[in-house]
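Peer 1: predicted model, plus sequence, below.
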Amino acid sequence: MTADPLVLLPEIDRATARLLETARKLGDAGVAQPSLLPGWTRGHVLTHLARNADACVNLLTGARTGVETPAYPDDKQRDADIEAGARRPVAEQVSDLTAAAERLHEAVVQMPPGAWAATVRWRGGHTRAAAYIPWARLCEIGLHHVDLDAGYRPADWSEAFVHRLLHDLAADLAGTMAPVRLHATDLDHELSIGADPAVTVSGTGHGIAAWLSGRADGADLTVTPEGPLPTVPIWK
């Protein structure tokens, strides 16, 4: 984890700018087209990203004030808000996402140094230190930008982003899939999911990260000893 969460703020701003540039080019017809996420249009993805920014603000508010503030009121309300905003024209989508990103930026800047150590409760009930929030937001933007299926690909992720994403995915998947060694050939980096893996999956770092996160089928990866790719659990 980054020692100072503020270090990620410029990268979040750059990732947001790239996302908004893609969104503006979609047009009203394009924003209504399917995304790579089953059952979601591009409008669903953009609305989700706006509401996710607000959810991060809620968590930061709780960390700053000491009063637990849930990311979302509940899953039903979260889903209803995404559905309600999904069909808006692209100009409204961009305006909403811009304003939400600005609110998040301000909430990060307002955090007292000691508040980053506060524990916050994420959707689903798991807890982490508030210092994880900026990285979580950067992941949301990077992964869902790909989900728009509008020209931005895993290959566009930076090496630093891929490196940290791989470690996060490996930690999250440990115990949920068969042990496997991951060899990111372009990064000259290896790590493992689980203990004592007998199988190695090799490929570009972004290719491995895309496969593990459900953004690619892994067809560009190789398995040693030769055989099928390990099964990755379905993300929920």
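Peer 2: Cool, the structure landed. Residues are numbered from 1 along each chain as shown.
Peer 1: name the next helix or strand downstream of whichever helix or strand Leu138 is part of, please.
Peer 2: Using DSSP states H and E, Leu138 falls within helix 133-147. Per DSSP H and E, the first helix or strand lying C-terminal to helix 133-147 is helix 159-173.
Peer 1: from the contact counts, what lies against that following helix?
Peer 2: Applying 3 or more Cβ pairs under 8 Å, 6 or more residues apart in numbering; DSSP states H and E, one finds that helix 159-173 contacts helix 133-147, strand 180-184, strand 189-193, helix 205-212. C-beta: built from backbone N, CA, C; applies to glycine.
Peer 1: of those, which is nearest Ile234?
Peer 2: Counting by Cβ to Cβ, Ile234 lies closest to helix 205-212 out of those; the figure is 12.0 Å.
Peer 1: make TSV from the helices and strands packed on helix 159-173 and add distance to Arg88 to it.
Peer 2: Below are these laid out as TSV (distance: least, Cβ to Cβ, whole Å):
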stretch	distance to Arg88
helix 133-147	17
strand 180-184	39
strand 189-193	39
helix 205-212	29
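Peer 1: check these for me and report the most buried one.
Peer 2: helix 205-212 (a mean of 26; mean count of other Cβ atoms under 10 Å).
Peer 1: ok, residues contacting that helix?
Peer 2: With contact meaning Cβ atoms under 8 Å, 6 or more residues apart in numbering, helix 205-212 is reached by 146, 154-155, 157, 159, 162-163, 165-166, 169-170, 173, 182, 184, 186-187, 189, 201, 203, 215-218, 220-221, 229, 232.
Peer 1: apply 6 Å and report the result again.
Peer 2: Here helix 205-212 makes contact (Cβ atoms under 6 Å, 6 or more residues apart in numbering) with 154-155, 157, 162, 165-166, 169, 182, 184, 186-187, 216, 218, 220-221, 232.
Peer 1: right, and the helix or strand after it?
Peer 2: Next along from helix 205-212, by DSSP H and E: strand 222-224.
Peer 1: could you give the mean pLDDT of that next one?
Peer 2: The predicted model gives strand 222-224 an average pLDDT of 98.
Peer 1: buried stuff in that strand?
Peer 2: Counting neighbours by 16 or more other Cβ atoms under 10 Å, one finds that the buried residues in strand 222-224 are Val223.
Peer 1: tell me the buried residues in stretch 220-236?
Peer 2: 221, 223, 230, 232.
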